[in-house]
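A.B. asks: Using only what follows, build the 3D model:
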Amino acid sequence: MKKLILAMVPGIIMLSLNGCVSTSNVVPLGNGTYHIAASDKGGVFSSDGKVVSASIKKAEIFCKRENKHAEILKLDRSDEGPFKFESSDIIFRCK
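C.D. replies: Numbering: from 1, shown residues only. Below you'll find the predicted structure:
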């Protein structure tokens, strides 16, 4: 039993170290602009680069439906360290 528990420890540690990026739905703001928020719920290796990338990727996918590209109008991101929630907000339009 001890061997089984010891064998599971590295996996549990890795799961706790890796963050999980989640993005909001695309929210229309009017005048052809949209908002997306993203967050990474912790983990030692979380970074705002991941959440910004996830937001921009989702904006690009959204605009591709109209054969357009996302133009980022505003980008806000947190600048926090390990074990904190990283987040980003983007406002964009399809052009």
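
A.B. asks: So, low pLDDT: which residues of this structure?
C.D. replies: In the predicted model of the chain, residues 1-19, 42-48, 79-84 satisfy pLDDT under 70.

A.B. asks: Please, where are all the helices along it?
C.D. replies: 2-17, 48-64 (DSSP state H).

A.B. asks: The longest one packs against which elements?
C.D. replies: Applying 3 or more C-beta pairs under 8 Å, 6 or more residues apart in numbering; DSSP states H and E, one finds that helix 48-64 makes contact with strand 21-23, strand 33-40, strand 70-77, strand 86-94. (Glycine included, C-beta is placed from N, CA and C.)

A.B. asks: Mean neighbour count and distance to A54 added to those, as TSV?
C.D. replies: Converted to TSV, the helices and strands packed on helix 48-64 look like this (neighbours: other C-beta atoms under 10 Å; distance: least, C-beta to C-beta, whole Å):
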stretch	mean neighbour count	distance to A54
strand 21-23	16	5
strand 33-40	20	5
strand 70-77	14	11
strand 86-94	21	8
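
A.B. asks: I'd like these written out as TSV, with distance to V51 added.
C.D. replies: Shown next, in TSV, are the helices and strands packed on helix 48-64 (distance: least, C-beta to C-beta, whole Å):
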stretch	distance to V51
strand 21-23	6
strand 33-40	4
strand 70-77	7
strand 86-94	4
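
A.B. asks: With A59 as the reference, name the closest of the ones you listed.
C.D. replies: The closest of the helices and strands packed on helix 48-64 to A59 is strand 70-77. By C-beta to C-beta, the value is 3.8 Å.

A.B. asks: now the angle from that closest one to strand 86-94?
C.D. replies: Taking axes from the mean of the first three to the mean of the last three C-alpha atoms, to 10 degrees, one finds strand 70-77 and strand 86-94 inclined to each other by 160 degrees.

A.B. asks: Residues contacting strand 70-77, please?
C.D. replies: By C-beta atoms under 8 Å, 6 or more residues apart in numbering, the residues outside strand 70-77 that reach it are 33, 48, 51-52, 56, 59-60, 62-63, 86-95.

A.B. asks: next one: stretch 87-95
C.D. replies: Contacts of stretch 87-95 (C-beta under 8 Å, 6+ apart): 29, 32-40, 48, 51-52, 55-56, 59, 62-63, 66, 68-78.

A.B. asks: Fine, thanks again, bye for now.
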